[in-house]
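>>> Build the 3D model from these lines:
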Amino acid sequence: MDRGQSEHNGPADQREVLDAAMEAGHILLENGAEIFRVEETIVRICRHFGVESEDAFVLSNGIFLTAGSEREKRFARVRHIPVKGAQLDKVAAVNQLSREIEAGAHTLPDVKKELDRIRRMPGKPAWMRVLFSGVGSGCFCALFGGLPADCLAAFFIGLLLYLYLLACGNRFSKIVENIGGGAVITVLSLFFSLLPLGMDMGHMISGAIMPLVPGLAFTNGIRDIADGDYISGAVRMIDAVLVFLSIAAGVGFVIGVYHQLTGGAVL
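Modelled structure (predicted):
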């Protein structure tokens, strides 16, 4: 038996072990980890510290954790975890911590301190997110066949789009925020397309829309379904599809209004 297990096998520590496992799962799930990764991490932590009767049921927005047997105390905990954006550096940090725990590098108090440190890890600074939103928009515009002028315009649209997202914060629902984002992109693309520089509105919209596309949620939804986690996969897929529809609604609304005002036909 290793150091971690010998120090934390007593019944007084079981609740602390399960609380630490729940916290690790919470950090993973709210930052975009797959369902199987959350369950695997919870099992690793519990088994290393001597809790053999744990049973974790993970959904895309919640964790149900129970334990109890003839020799282990009863434990039950449910934690709601709202669907939010991803911060993959936290996922990587918890993954690394779980492997270090298995290697016997941490005691239970160390694990709690590390999880608290990971939870408080800051995200990327706002200026960096704004800059790379622009860079990503310009690069995707090029991938979709845009000319250099289109890519430059998409770069500026991407910058302004992320400034809009930062201004929204968490004050609006995801649907409203993405409808507005699609509208912002389309208005700016229309503006650039009306300049006498030969810019293509379709290429600009296609590139600048990419920072809004929930690629991680959509991919994780497919992976969860492939792993047999049908409920969680379906929830993530529905969330991604709603974002797609919201973006399309914002783009379509602005184009429709523009064609109505100018007397053109909506294609």
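>>> The stretch 1-150 of the chain: strands as residue ranges?
When assigned using DSSP state E, counting those that start in this stretch, the strands of the stretch 1-150 of the chain occupy the ranges 55-59, 62-67, 75-80.
>>> Give me the contact list for the second one.
If I follow you right, that is strand 62-67. The contact list for strand 62-67 (CB atoms under 8 Å, 6 or more residues apart in numbering) reads 14, 18, 21-22, 25-26, 29, 38, 42, 46, 51, 53-58, 73-81. For every residue, glycine as well, the C-beta is placed using N, CA and C.
>>> could I get the strands of the stretch 1-150 of the chain as JSON lines with distance to residue 157, mean neighbour count and mean pLDDT?
Written out in JSON lines, the entries for those read as follows (distance: least, CB to CB, whole Å; neighbours: other CB atoms under 10 Å; pLDDT from 0 to 100):
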{"stretch": "strand 55-59", "distance to residue 157": "36", "mean neighbour count": "18", "mean pLDDT": "88"}
{"stretch": "strand 62-67", "distance to residue 157": "37", "mean neighbour count": "18", "mean pLDDT": "89"}
{"stretch": "strand 75-80", "distance to residue 157": "36", "mean neighbour count": "13", "mean pLDDT": "86"}
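>>> any chance of those strands in JSON lines, plus distance to residue 169?
Rendered in JSON lines, the data for these read as follows (distance: least, CB to CB, whole Å):
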{"stretch": "strand 55-59", "distance to residue 169": "26"}
{"stretch": "strand 62-67", "distance to residue 169": "24"}
{"stretch": "strand 75-80", "distance to residue 169": "21"}
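>>> Figure out which of those strands is closest to residue 91.
Nearest to residue 91 among those is strand 55-59 (14.2 Å), distances taken as CB to CB.
>>> Sheet-wise, list the partners of that closest one with their directions.
Using DSSP bridges, the strands paired with strand 55-59 in its sheet are strand 62-67 (antiparallel).
>>> can you give me the helices for the protein?
Secondary structure of the chain (DSSP state H): helices at 3-7, 11-30, 35-48, 88-102, 108-119, 126-143, 148-168, 174-193, 201-208, 215-226, 230-262.
>>> Packed most tightly, which of the ones you listed would that be?
Highest mean neighbour count of the helices of the chain: helix 201-208, a mean of 25 (counted as mean count of other CB atoms under 10 Å).
>>> List the contacts of it.
Contacts of helix 201-208 from elsewhere in the structure, counted by CB under 8 Å, 6+ apart, are 137-147, 150-151, 153-154, 157-158, 161, 185-186, 188-190, 192-193, 251.
>>> for stretch 121-136, same thing?
Contact partners of stretch 121-136, identified using CB under 8 Å, 6+ apart, comprise 87, 89-90, 93, 155-159, 161-163, 166, 210-211.
>>> could you redo the last one with a cut-off of 10 Å?
Contacts of stretch 121-136 from elsewhere in the structure, counted by CB atoms under 10 Å, 6 or more residues apart in numbering, are 27, 31, 85, 87, 89-90, 93, 139, 152, 154-163, 165-166, 207-208, 210-212.
>>> This completes my enquiry, with thanks.
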